[in-house]
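In: Let me see the structure of the following:
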Amino acid sequence: MTDANPTPVSPGTTVSRALAQAIPKVSLHCHLLGSVPAATTVELARRAGVRIPGDPDAESVYDSAAYADLGQFLSVYDLVGASLISRDDVRRVTYESLTCFGSDHSVWYREIFVTPQPSPLPYPQFLSGVLDGMRDARSDTGIESRIVMAINREHSVAEAVEFVQQVIDHRVDEVIGIGLDYEEVNGPPAPFAPAYALARRGGLHRTAHSESGPPSAIEVILDELRCSRIDHGYHVVTDERITRRCVQERIPFTATPVSSDIGRYSGSGDGSHRRIREMVDAGLQVCIDSDDPPMFGTDPTNDFHAVGNALGYGLDTLTTFTRNAIDACWLDESDKQSLRGRLDAWAGEHRDAIPEETP
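Out: As a prediction, the model looks like this:
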């Protein structure tokens, strides 16, 4: 395993956007419905007859500064899903997500969160559209991807169990796991243990969002939901005992610097990303991703660029985030080894791009 506690460089060191874009990335925290280009969202909503409040154009449909809270953001997110009314709509947004906010930013592999619930399409048809987009993106760009089906935690536990059963009944190799999404305050993790037990029996990997806490939610996710990684989880560093446990057990955390800063989950909203620094300094296995990139005015390049420059991390540290994500992903070991070999080769070619220390 790669050391998850990298050495920061001097604050004077900067990572160029070009280098941040070129760094190979493994994406474990990006949502399909949150990574639809703005112009596509406006076009599909109008075609489907879905009204977005204010009838915005592509320039204003995603206004992260106006998201008063996570719930307001999710209301827009749900309208994006409601606009997907055909298999080809789903194919298109999957393809654009994996290219415009994936391969264009050197994402080699993605485990994409898929939330079918807001769409009126039957689950098998929605799944087929996702698979179509994945195959087209792989054919055109080489990006590999898998699917993590996301439970809406604001719905009932019975609905969650029914959804997981549907995932199992229509299981394809590309669907490798489940997640727990939407507002944690409206759906704490413990009640969803039956859905997660069903997923475990069905051979699905498991993760869960924990953006707001409390820290004890981390242990519920690990012990009762039996998850192998945590999405967000910044509050872990407010409990020394739980932090030590997660360091010892090498629990991966999928951090999303820009969106979490806007939401004030990873710090004070000032771009300091202080919680991510604390997680890294504690020795936690941190991975970097972009969450819902166009909706928060970011992209995979920008998240690496932002965290690198805010925290003074150089190339070795930024590639460590990718190594952590390779370790944390749900590919088999031979595929992981292949990714590690490719990353080592890339890093060797770019070793002098940014020094880890400046005079």
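
In: How many residues are close by Asp57?
Out: A count of nearby residues for Asp57, using other CB atoms under 10 Å, gives 10. No exception for glycine: its C-beta is placed from N, CA and C like everyone else's.

In: got any ranges where the chain has weak pLDDT?
Out: Along the chain, the model assigns pLDDT under 70 to residues 1-13, 64-72, 353-359.

In: what's the spacing between the residue lying closest to Glu184 once chain neighbours are set aside and Leu44?
Out: Once flanking residues are discounted, Glu184 sits nearest to Ser212: 5.1 Å by CB to CB, 6 or more residues apart in numbering. According to CB to CB, to the nearest Å, Ser212 and Leu44 sit 31 Å apart.

In: what's the answer for Phe101, then?
Out: Counting by CB to CB, the gap from Phe101 to Leu44 is 16 Å.

In: so where do the helices sit in the stretch 51-200 of the chain?
Out: Per DSSP state H, counting those that start in this stretch, the stretch 51-200 of the chain carries helices over the ranges 70-82, 87-100, 123-141, 157-169, 193-201.

In: most packed of those?
Out: helix 87-100 (a mean of 22; mean count of other CB atoms under 10 Å).

In: relative to helix 123-141, how tilted is that helix?
Out: Computed by axes from the mean of the first three to the mean of the last three CA atoms, to 10 degrees, the angle separating helix 87-100 from helix 123-141 equals 40 degrees.

In: which residue sits closest to Gly177 in space, ignoring its chain neighbours?
Out: His205 (3.4 Å).

In: my bad, should have said Gly142
Out: Spatial nearest neighbour of Gly142, chain neighbours left out: Ser103 (7.0 Å); criterion: CB to CB, 6+ apart.

In: same thing with Thr256?
Out: Closest to Thr256 by CB to CB, 6+ apart is Asp291, at 3.6 Å.

In: which residues does the one you found bridge with?
Out: Asp291 has these beta-bridge partners by DSSP bridges: Cys30.

In: Touching, it and Gly263? I think so.
Out: No - taking CB atoms under 8 Å as the definition, Asp291 is not a contact partner of Gly263, at 9.4 Å.

In: And these two? Which one has more around it.
Out: Using other CB under 10 Å as the criterion, Asp291 and Gly263 rank with Asp291 on top: 26 against 21.

In: Quick one: residues contacting the more buried one.
Out: Residues in contact with Asp291, defined by CB atoms under 8 Å, 6 or more residues apart in numbering, are His29, Cys30, His31, Gly34, Thr256, Val258, Ser259, Ser260, Thr298.

In: The same query, at a cut-off of 10 Å, please.
Out: Counting by CB atoms under 10 Å, 6 or more residues apart in numbering, Asp291 touches 29-31, 34-35, 113, 211, 231-232, 254-260, 262-263, 298, 303.

In: do the same with Cys246
Out: Residues near Cys246 by CB under 10 Å, 6+ apart: 218-219, 222, 230, 233, 236-237, 239, 252-253, 279, 282-285.

In: quick one: which of those has the most company?
Out: Of all the contacts of Cys246, Gly233 has the most neighbours under the rule other CB under 10 Å, reaching 30 neighbours.

In: I'd like to know how far that one sits from Ser75.
Out: Taking CB to CB, one finds Gly233 at 24 Å from Ser75.

In: Next: Ala137.
Out: Relative to Ser75, and taking CB to CB, Ala137 is found at 28 Å.

In: swap in Asp352?
Out: Asp352 is 47 Å from Ser75, by CB to CB.

In: Same question for Asp223.
Out: Distance, Asp223 to Ser75, by CB to CB: 33 Å.

In: number of nearby residues for the residue nearest to Gly177?
Out: Neighbour tally, His205, other CB under 10 Å: 19.

In: Over to Val42?
Out: Val42 has 21 neighbouring residues, counting by other CB under 10 Å.

In: contacting residues for it?
Out: The contact partners of Val42, taken as CB under 10 Å, 6+ apart, are Val36, Ile52, Asp55, Pro56, Asp57, Ala58, Glu59, Ser60, Val61, Tyr62, Ser83.

In: out of the helices of the stretch 51-200 of the chain, nearest to Gly269?
Out: helix 70-82 (13.5 Å; CB to CB).

In: Show me what the closest one is packed against.
Out: Other helices and strands packing on helix 70-82, by 3 or more CB pairs under 10 Å, 6 or more residues apart in numbering; DSSP states H and E, are helix 38-48, helix 87-100, helix 257-262.

In: Please put the alpha-carbon coordinates of the last one into CSV.
Out: The C-alpha atoms that make up helix 257-262 are tabulated as CSV, following Å, rounded to 0.1, in the frame of the first residue of the first chain:
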residue,chain,number,x,y,z
PRO,A,257,-12.6,19.6,-2.4
VAL,A,258,-14.5,22.2,-4.4
SER,A,259,-18.1,21.1,-3.8
SER,A,260,-17.4,20.3,-0.1
ASP,A,261,-15.8,23.7,0.4
ILE,A,262,-18.9,25.4,-1.1
